[in-house]
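# Make a model of this:
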Amino acid sequence: MQQPTLKKYLFSLLLILSGTVLFAQQNNIDSLQQLLKKEPSIETRIDALNRLALILRRSYPDSALKYGEQANKIALKAGDSSRLAENYKNIGNIYYIKNQLDTAIKHFEQAMKIFEKKKDTLGLAKIYNNLGVVNRIKGNYLKTLKYYQKSLEKRKMLGDIEGMGKTYNNIGNLYFALEDLDLAMEYYQKSLITRKQYNDSLGIGGCLNNMGLIQLEKAQYDSAIIMLQQAMEIYKNYNDRQGIAHCQSSIGLAYMNLNQYKLASQYFVRALNIYEDLGSKLNIARTLIEIAATYNKQTEYEKAAELAARGLNIALEAEIIGQAKNAYNQLATAYEGQKKPTKALHYYKKFIELKDSLFSIEKMREIESIEKKYQLENQRLEIENLENDNMLKQIKLKQIRSQQIFTIIAFLIAIGFIIFLLVTRKKLKRKNLTIFEQNKEITKQKNMLENHRKHLEEIVQERTKDLRNAKEKAEESDRLKSAFLANMSHEIRTPMNAIVGFTELLNYTSPTAEEAQAYRKLIEENSNLLLHLIDDIIDIAKIEAGELKVQLKEIRINEIIDNTIKVFNNKKKQIGKAHIEIEKKTDPNLDNPLLKTDSFRLQQIISNLLDNAIKFTEEGHIEVGYRMADEENHLVVYVKDTGIGMTKEQKQFIFQRFGKVEERTKKLYRGAGLGLAISKNLTEMLGGRIRVESEFGKGSTFLLELPYSA
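Here you go, the predicted model:
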């Protein structure tokens, strides 16, 4: 009972402290507003307006801007350059928070001119820091580091350790943008130590938030959540709504990666409410798409589609290409989950097109980033050299002395070398007898060169062979692509012709009721064939693009098999094969085994195997069942038929795309040849393997081995 009481006490204390900070802040605002009503002096009025703008800038930037502009007009009219410079700096900060970066830079530069004219070292240190922050967001990294370097120089002159802590944090932000996480963490830790020394609570919150983001990037989600929650509590104390929203959004991402989707949604929604209030389009679009992703994970596809569509509209309106790409991906997933393959395919194509269009841009950015990292590393070394200036001077003096000594030694060595050459020249005159041995050495080297030439010829032959193989593979790829287009054209045209033909018979002839019913049945069958083909094309495209994911959970194998047999008992009647029995056979030693797998994909695999068994079996029966595998911890699910079977040659290519056996039989069987290729890929994604046992004319057995622990 003692521990819960302590927790309640600490929580109550935290609420009291938070309320005290907020009350003090509001009290400060009220006091300043009351002061303005008393018509104070011009200097006092400017200071009060600037103070109100400073307090309100993060939570209510529009109100802060109004106070800042009022102060600006009064300072200009009064010709008070010192207060005017501070005012320009405050207005620049407000435009930075509103994400109007060019306007922010304009005001910072106006403040900088006044500070330079007045030789205000502290003012310059602060304005250089602000210019560095804005240029980092605009991607001007070299300018960013130069401004930070100037800020550090000024702060060192003043002994402003607290200000240096702020600049260290901003340098950490720069390296975070360049994806150098270790170096970014190093600067954040420097900043955190400094800010703790001066009890800078808001600065500590910023450092914790940034360090939490690094933990999130490194997939250390539990550590990230702890740091972000600590930062959020600090932001709440100061009513910093933008900081609170950033923390909530980042915590939502952490919980989504931990598969805690409902908790993630709650944090995303809280962040979204604040972003909408602040009017931040980029963050609104990003958060809507993140919420859509959580609904897709929870199979709430209609909600996911609605939110992703909202995010897409905002992203397209604001020309945020990266978020538009993410929105297309979530829409494709949502409509696939709703069994709307046409819409799913449409948005998936949009996603691929946008992804491909971004590829070259991302590559150029990557190259520029590498070049900038190289230059920025040199700049970082200059900053570190500033901190060791005295040591460098001593090293330079030692280097000068070392160079003088080296010059003297080199001169002496040169004189000795000249003497050595003169002596050697005399000795060479007496060594004419060694010419024969030198000729032998030349002959040896010539032989070595000949051997090297032969070796090079062998390498050329090997490279030529490799090029020939590459050419053959390219030609084979081109042949497969042509075969794919021809096959798809035929497979799509066949059901489409049937649908169009029988529709015209219904519309332009007067069939009997029995004939009309037969036409409608044929239209329905060909529509289902076309829909099944589209599903297969989407699946094979996703598999090749690496976009198809499986969701593992515990399922009962008997339920999957029973449901699939029920579907195909109805289907066999529709295609005129009601006489073929589908039997279920189970291992008596296994009592309804429990598998950890993706139930939807497993049923898809068994359905493909059953569909083939019915297609290629005219007489006899089909058996579906399961048993323990020879390999430990594996279960075999099989589909056995008494159909036409396969030759050894056919078994070699049956699991390849477009692998079909019809060319060796007397009857033409419809199908794109994608079902078994998809089944093989899905089986491997589930951690299993698939194989076939067959003899031509005697039927086939497809065996699916899956991981299983009793």
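# Residue ranges of each domain in this structure, please.
391-424, 447-523, 549-707 (automatic domain parsing).
# continuing past the lowest-mean-pLDDT helix or strand in the chain, what's the next helix or strand?
Least confident helix or strand, the chain: helix 2-37 with a mean of 51, by mean pLDDT, DSSP states H and E. The helix or strand immediately downstream of helix 2-37 is helix 42-56, counting by DSSP states H and E.
# can you give me the mean pLDDT across that next one?
The average pLDDT for helix 42-56 rounds to 86.
# List the buried residues for whatever helix or strand comes next after it?
Scanning forward in sequence from helix 42-56 by DSSP H and E, the next helix or strand is helix 61-78. Buried residues in helix 61-78, counted by 16 or more other C-beta atoms under 10 Å: 61, 64, 65, 67, 68, 70, 71, 72, 74, 75. Glycine gets a C-beta too; all of them are placed from N, C-alpha and C.
# Repeat that for stretch 309-319.
Buried residues in stretch 309-319, counting neighbours by 16+ other C-beta under 10 Å, are found at 309, 310, 311, 312, 314, 315.
# Which parts of the protein are strands?
With DSSP state E, the ranges of strands along the chain come out as 553-556, 581-585, 594-597, 621-628, 634-641, 689-694, 700-707.
# Any chance of TSV for those, columns mean neighbour count, distance to residue 404 and mean pLDDT?
Shown next, in TSV, are the strands of the chain (neighbours: other C-beta atoms under 10 Å; distance: least, C-beta to C-beta, whole Å; pLDDT from 0 to 100):
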stretch	mean neighbour count	distance to residue 404	mean pLDDT
strand 553-556	12	78	90
strand 581-585	13	96	92
strand 594-597	18	76	89
strand 621-628	19	86	92
strand 634-641	22	78	93
strand 689-694	16	75	92
strand 700-707	21	75	92
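# So which of the ones you listed is nearest residue 240?
Counting by C-beta to C-beta, residue 240 lies closest to strand 553-556 out of the strands of the chain; the figure is 40.9 Å.
# Distance-wise, check residue 164 relative to residue 151.
As defined by C-beta to C-beta, to the nearest Å, residue 164 lies at a distance of 8 Å from residue 151.
# Mind checking which of the two has more residues around it?
Neighbour count, other C-beta atoms under 10 Å: between residue 164 and residue 151, residue 151 has more, with 26 against 22.
# pLDDT (mean, whole number) over stretch 411-418?
Stretch 411-418 comes out at a mean pLDDT of 82.
# when you give positions from now on, start the count at 50
Okay, using 50 as the starting number, the last item reads as stretch 460-467.
# how about that stretch as CSV, C-alpha atoms only?
The C-alpha trace of stretch 460-467 is given here as CSV (Å, rounded to 0.1, in the frame of the first residue of the first chain):
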residue,chain,number,x,y,z
PHE,A,460,70.8,19.9,-46.3
LEU,A,461,73.4,17.7,-44.6
ILE,A,462,71.8,14.5,-46.2
ALA,A,463,71.9,16.2,-49.6
ILE,A,464,75.6,16.9,-49.3
GLY,A,465,76.3,13.3,-48.2
PHE,A,466,74.2,12.0,-51.1
ILE,A,467,76.2,14.0,-53.6
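# between the buried residues of helix 110-127, which is closest to residue 517?
Distances from residue 517 to the buried residues of helix 110-127, taken by C-beta to C-beta, are shortest for residue 110, at 66.5 Å.
# quick one, what contacts the closest one?
If a contact means C-beta atoms under 8 Å, 6 or more residues apart in numbering, then residue 110 has 143, 146, 147, 327 as its contacts.
# at 10 Å instead, please
By C-beta atoms under 10 Å, 6 or more residues apart in numbering, the contact set of residue 110 is 102, 117, 142-149, 290-291, 327-328.
# Was I right to think residue 687 contacts residue 676?
Yes. Counting by C-beta atoms under 10 Å, residue 687 does reach residue 676; the two are 7.7 Å apart.
# shared neighbours of those two, which are they?
Common neighbours of residue 687 and residue 676 (C-beta under 10 Å, 6+ apart) are 634, 752.
# Need the outlier residue of this protein, farthest from its centre.
residue 479 (76.2 Å; C-alpha atoms, centre = their mean).
# Now the common contact residues for residue 213 and residue 200.
Each of 174, 178 lies in contact with both residue 213 and residue 200 under the rule C-beta under 10 Å, 6+ apart.
# Break down the stretch 200-349 of the chain into its helices, ranges please.
210-226, 230-246, 250-266, 270-286, 290-306, 310-327, 330-346 (DSSP state H, counting those that start in this stretch).
# For residue 555, find the nearest of those helices.
If you check each of the helices of the stretch 200-349 of the chain against residue 555 by C-beta to C-beta, helix 330-346 wins as the nearest, at 39.8 Å.
# from the chain's centre, how far out does that closest one sit?
Mean-position distance between helix 330-346 and its chain equals 14 Å (C-alpha atoms, centre = their mean, to the nearest Å).
# just stretch 137-146 next, same as before
With C-alpha atoms, centre = their mean, you get 32 Å for stretch 137-146.
# do stretch 604-614 as well
Chain-centre distance of stretch 604-614: 36 Å, with C-alpha atoms, centre = their mean.
# Next: stretch 186-194.
Distance, centroid of stretch 186-194 to centroid of chain: 23 Å (C-alpha atoms, centre = their mean).
# Buried by neighbour count: which residues of stretch 138-148 qualify?
When burial is assessed from 16+ other C-beta under 10 Å, stretch 138-148 yields the following buried residues: 138, 139, 140, 141, 142, 143, 144, 145, 146, 147.
# Which neighbouring elements make contact with the lengthiest helix in the chain?
Using DSSP state H to define each element, the chain has its longest helix at helix 484-557. Helices and strands touching helix 484-557, by 3 or more C-beta pairs under 10 Å, 6 or more residues apart in numbering; DSSP states H and E, are helix 562-594.
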